[in-house]
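In: Have a look at this prediction, sequence included:
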Amino acid sequence: MKVNIISIGSDSPSKCWNCNFAYKSELFCSQCKTLQEMPENLNYFDILGIKLNYNVNNQELHEKYRQLQSMLHPDKFGNRKEKEKQISESLSSLLNKAYSTLTHPLKRGLYMLQLKGISIPEGTTSVNPEFLMEIMEKNEEVESASNDKEEVIRLTQENKMILHKLSKKVADAFSNNDTEQAKEVLMKMKYYSSIESRLKALKQNLGIVD
């Protein structure tokens, strides 16, 4: 079982924890086929084998995720050594986290900022007053539409379009290596994502199916 999907970006060999064979950039030792621990220097993009870029191909991402998860799932290691079972559980969990982060536009953007040492703490409100007023009005619209199916659907579609436009702005900012602009737009996305969550809850309560 030779797997070479994940590369650590180095030709320096690592030693297999099970047989001490020197292997390079592989999930499984090429000698004894034992699952190896993942190098600590890998980010989520490395783990899923895609380029570090805000714009991702969701189909490619999903296919790589399924391929990796099929190899790493703990059920496949039920009869293996305890350490290999633990490695499988750890890698499977890490893979799930990487996938859920990179498939979500807001989480992906925040993670890319994190890779650059930039964070947006919870409760951060450093956006202009006009934008905060806009958000307040949107929340009032959502509140007023709590029992109106058509209005909830309209607001959901409107909010989806806004998030899409903001996502494109984030992509442009990262493309231009403008982390300050990316941070500013992502803060706005956080507010609209919160509205999205409220609308999803309303849709569920009203029995609206996508």
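Out: Here it is on my side, so go on.
In: Can you list the neighbours in contact with the helix or strand of the chain with the lowest mean pLDDT?
Out: Between all helices and strands in the chain, the lowest mean by mean pLDDT, DSSP states H and E belongs to strand 22-23, at a mean of 79. When contacts are defined by C-beta atoms under 8 Å, 6 or more residues apart in numbering, strand 22-23 is touched by residues 13-16, 29-31, 36. Placement of C-beta: from N, CA and C, glycine included.
In: mind running it again at 10 Å?
Out: Outside strand 22-23, the residues within contact range by C-beta atoms under 10 Å, 6 or more residues apart in numbering are 4, 12-16, 29-32, 34, 36.
In: Run through the strands of the protein in chain order.
Out: All strands of the chain, identified by DSSP state E, fall at 14-15, 22-23.
In: Which strands and helices lie in contact with the first one?
Out: With contacts defined as 3 or more C-beta pairs under 10 Å, 6 or more residues apart in numbering; DSSP states H and E, the secondary structure elements packing on strand 14-15 are strand 22-23.
In: List the neighbouring strands of the strand it packs on plus their orientation.
Out: Strand 22-23 has its sheet partners listed here by DSSP bridges as strand 14-15 (antiparallel).
In: how far is the strand it pairs with from where the chain is centred?
Out: Centroid separation for strand 14-15 versus its chain: 29 Å, with C-alpha atoms, centre = their mean, to the nearest Å.
In: hang on, the earlier thing: okay, who's weakest in the contacts of strand 22-23 by pLDDT?
Out: In terms of pLDDT, the weakest of the contacts of strand 22-23 is Asn4, which scores 42.
In: Pull out the buried positions in stretch 92-101.
Out: 92, 95, 98-99, 101 (16 or more other C-beta atoms under 10 Å).
In: what do you get for stretch 61-76?
Out: Quick answer for stretch 61-76 (16+ other C-beta under 10 Å): 61, 64-65, 68, 71-72, 74.
In: Name the nearest of the residues you listed relative to Ile162.
Out: Leu61 (23.6 Å; C-beta to C-beta).
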